[in-house]
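**Student:** task: produce atomic coordinates for the following.
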Amino acid sequence: MAKRRSQLLEILYSKGPAAAILQSAAKDRDRGLASNLRYPFLAIVGQSEMKIALILALINRAIGGVLLVGARGTAKTTAVRGLVDLMPVIERSTCEYGCEPEDLYRYGMDGVCSDCARKLGMGDPITSPELMRLVELPLNSRLEDVVGGINERVALEQQRVLLERGILSQADQNLLYIDEVNLLDDMIIDAILDAAAQGQYTVRRGPLAATYRSRLTLVGSMNPEEGNLRPQIQDRFGLRVLVRGASDPAERLEIYHRAKVYKDKPYKFVLDWAAETDAAAFEVAEARKRLPRVVFGQGVEAEGLRWIEQLKIDSHRAEMTLFEAARALAAADDRLEVTQDDLRMVAPLALRQRQTDFATKYFAAQQEEDAKILEVVAGGKKKRGSSGRPKPAAKAESSRNGQSRQSESAPKPADLPKAEVTGD
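**Tutor:** Just a heads-up that it's a prediction; the model follows:
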């Protein structure tokens with residue numbers, strides 16, 4: 001038996017001007033919303049270095065993220081957004097305060113709220129599985145949007161102050177993507193630097209304060225023609241990828257054909273790549289589980305440190321990024337031991353980010369200044385004698401019997417007035 005409509009709906013559908021409006025809306029299903037279909041990550045032609053770097057960052061957050069540098073139209077943003085279909089499931093806190101089981105292990109019952117303490121005491125979980133998300137930071141974002149601030153709607157309507165989470169807090173355990181990162185406001189860059197370095201940050205608005213977690217994977221893209229990136233935030237990216245357009249005519253033609261099919265028949269195109277996408281997502285999840293058990297082979301770490309020494313890289317982030325990227329690569333290859341081949345594959349991605357001509361020239365100039373200072377100090381020491389003190393012109397030397405005698409440089413008694421000469 002068919003379900004009857006309510007009397008209100010019968011009136012609206014049967015008579016009056018409202019009937020025509022509702023019937024017209026029912027026929028027109030287009031609500032003006034953008035399609036959520038993303039270009040498949042694996043369907044990107046070429047760009048192996050870019051795809052490998054993004055996958056490694058997805059497997060191992062300790063790498064520190066990825067910076068994509070290249071001209072417009074080289075699939076940088078398309079690749080980052082395509083990662084959504086490969087993102088793994090993570091355990092996210094269900095508590096409004098963000099309590100997690102590790103807080104209990106670190107700080108005891110004082111490390112979690114009363115509700116979570118009660119749940120943990122009863123053996124109930126305080127986290128739930130949830131897909132990792134892509135959080136994008138627009139260029140026109142305000143500082144309050146990024147770090148969080150006072151909820152303006154609540155302040156106006158309810159006349160009370162309420163702190164609201166920002167984009168950095170929402171990006172906790174997620175991937176934070178900044179397109180055109182070199183055009184971002186300096187104040188926002190400083191906020192991102194602090195949050196990414198510490199894994200948390202504190203917001204203070206008058207008497208209110210809140211500390212949010214920001215354990216994020218940072219991914220940025222930029223076009224070098226539009227300006228340089230500040231060295232401070234550039235150093236926060238673990239891997240740097242130089243994205244170039246395809247040079248092979250066959251590849252460029254294939255890029256055109258795939259883009260045209262995706263534009264004309266997006267559902268069919270995404271469905272054609274669904275099997276490969278699902279398989280890749282499964283492999284990413286398995287690699288993340290495998291990562292904690294990955295160790296280095298004999299002599300692999302020493303070889304990596306030798307490369308860094310020969311390249312004269314001062315930053316200790318070089319070996320941290322190099323080794324963590326190599327561990328992620330081994331995990332992605334279904335292995336538990338890192339080899340030198342793994343280091344060689346990720347070395348350009350990790351080490352080109354740390355080597356700068358400015359630092360080399362600066363320290364070379366500083367060494368020249370130090371050499372001049374040491375030369376002057378050493379020369380002055382030789383002139384002052386081996387004892388390091390100037391020798392007095394006339395000083396009485398003590399004799400063995402306790403009597404004093406005049407040194408050779410002192411005036412002789414015959415040259416002095418008789419009244420001043422004293423005998424023994």
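
**Student:** from now on I want contacts and neighbour counts done on CA atoms only, so please keep to that.
**Tutor:** Fine.

**Student:** and the helices in the stretch 201-350 of the chain?
**Tutor:** With helices called from DSSP state H, counting those that start in this stretch, the stretch 201-350 of the chain shows them at 231-234, 249-264, 266-272, 274-290, 300-310, 317-332, 340-351.

**Student:** state the mean pLDDT of the fourth one.
**Tutor:** In this case it means helix 274-290. Averaging pLDDT along helix 274-290 yields 88.

**Student:** run through who's touching stretch 76-83.
**Tutor:** With C-alpha atoms under 8 Å, 6 or more residues apart in numbering as the test, stretch 76-83 has contacts from 38-41, 44, 51, 54, 68, 70, 134, 177, 179, 221, 243.

**Student:** now pLDDT and distance to Val203 too, for the residues you listed, in a markdown table please.
**Tutor:** Below are the contacts of stretch 76-83 laid out as a markdown table (pLDDT from 0 to 100; distance: C-alpha to C-alpha, whole Å):
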| residue | pLDDT | distance to Val203 |
| --- | --- | --- |
| Arg38 | 84 | 35 |
| Tyr39 | 87 | 37 |
| Pro40 | 88 | 38 |
| Phe41 | 87 | 36 |
| Ile44 | 87 | 40 |
| Lys51 | 89 | 35 |
| Leu54 | 91 | 30 |
| Leu68 | 89 | 30 |
| Gly70 | 84 | 35 |
| Leu134 | 87 | 23 |
| Tyr177 | 90 | 22 |
| Asp179 | 86 | 25 |
| Ser221 | 87 | 27 |
| Val243 | 86 | 36 |
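
**Student:** put the buried members of those into a ChimeraX selection.
**Tutor:** Those of these that count as buried under 16 or more other C-alpha atoms under 10 Å are selected in ChimeraX with:
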select :38,39,40,41,44,51,54,68,70,134,177,179,221,243
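
**Student:** in helices, which of the contacts of stretch 76-83 fall?
**Tutor:** Of those, the ones assigned to helices by DSSP state H are Lys51, Leu54.

**Student:** nearest to Cys99 among the contacts of stretch 76-83?
**Tutor:** Distance to Cys99 across these (C-alpha to C-alpha) is lowest for Leu134, with 22.0 Å.

**Student:** residue ranges with poor pLDDT in the stretch 251-400 of the chain?
**Tutor:** Filtered on pLDDT under 70, the stretch 251-400 of the chain yields the residue ranges 353, 355-363, 380-400.

**Student:** list the buried residues of stretch 78-89.
**Tutor:** Ala79, Val80, Arg81, Gly82, Leu83, Val84, Asp85, Leu86, Met87, Pro88.

**Student:** quick check: the farthest pair among those?
**Tutor:** Ala79 and Pro88 (16.5 Å).

**Student:** what number of residues lie near Asp278?
**Tutor:** 12 (other C-alpha atoms under 10 Å).

**Student:** that one and Leu86 touch, don't they?
**Tutor:** Yes - taking C-alpha atoms under 8 Å as the definition, Asp278 is a contact partner of Leu86 at 7.4 Å.

**Student:** ok, the residue lying closest to Glu276 once chain neighbours are set aside to Ala274 distance?
**Tutor:** Leaving out its chain neighbours, the residue that sits closest to Glu276 by C-alpha to C-alpha, 6 or more residues apart in numbering is Leu42, at 7.5 Å. As judged by C-alpha to C-alpha, to the nearest Å, Leu42 and Ala274 stand 10 Å apart.

**Student:** equivalent analysis for Lys312, please.
**Tutor:** Distance from Lys312 to Ala274, by C-alpha to C-alpha: 46 Å.

**Student:** now Leu139
**Tutor:** From Leu139 across to Ala274, the span is 32 Å (C-alpha to C-alpha).

**Student:** equivalent analysis for Pro224, please.
**Tutor:** From Pro224 across to Ala274, the span is 34 Å (C-alpha to C-alpha).

**Student:** same deal with Gln232?
**Tutor:** Distance from Gln232 to Ala274, by C-alpha to C-alpha: 39 Å.

**Student:** before we move on, what about Gly220?
**Tutor:** According to C-alpha to C-alpha, Gly220 and Ala274 sit 26 Å apart.

**Student:** okay, Gln232 and Ala274: which has more neighbours?
**Tutor:** Ala274 (15 against 11).

**Student:** my guess is Gly111 contacts Asp103. True?
**Tutor:** Yes - applying C-alpha under 8 Å as the test, Gly111 and Asp103 come out as touching, 5.3 Å apart.

**Student:** the more surrounded of the two?
**Tutor:** Gly111 (17 against 14).

**Student:** so who does Phe296 touch?
**Tutor:** Residues near Phe296 by C-alpha under 8 Å, 6+ apart: Arg327, Glu337, Val338, Thr339.

**Student:** list just the nearest of the residues you listed to Ile126.
**Tutor:** Of those, the one sitting nearest to Ile126 (C-alpha to C-alpha) turns out to be Arg327, at 30.3 Å.

**Student:** next, count neighbours for the closest one.
**Tutor:** Arg327 has 30 neighbouring residues, counting by other C-alpha under 10 Å.

**Student:** also Val45?
**Tutor:** Neighbour count of Val45, defined by other C-alpha under 10 Å: 15.

**Student:** give me the distance between it and Tyr256.
**Tutor:** In terms of C-alpha to C-alpha, Val45 sits 10 Å off from Tyr256.

**Student:** please apply the same query to Ala210.
**Tutor:** Applying C-alpha to C-alpha, the value for Ala210 to Tyr256 is 49 Å.

**Student:** show me which of those two is the more surrounded one.
**Tutor:** Neighbour totals were compared for Ala210 and Tyr256, and Ala210 leads with 15 against 12 (other C-alpha under 10 Å).
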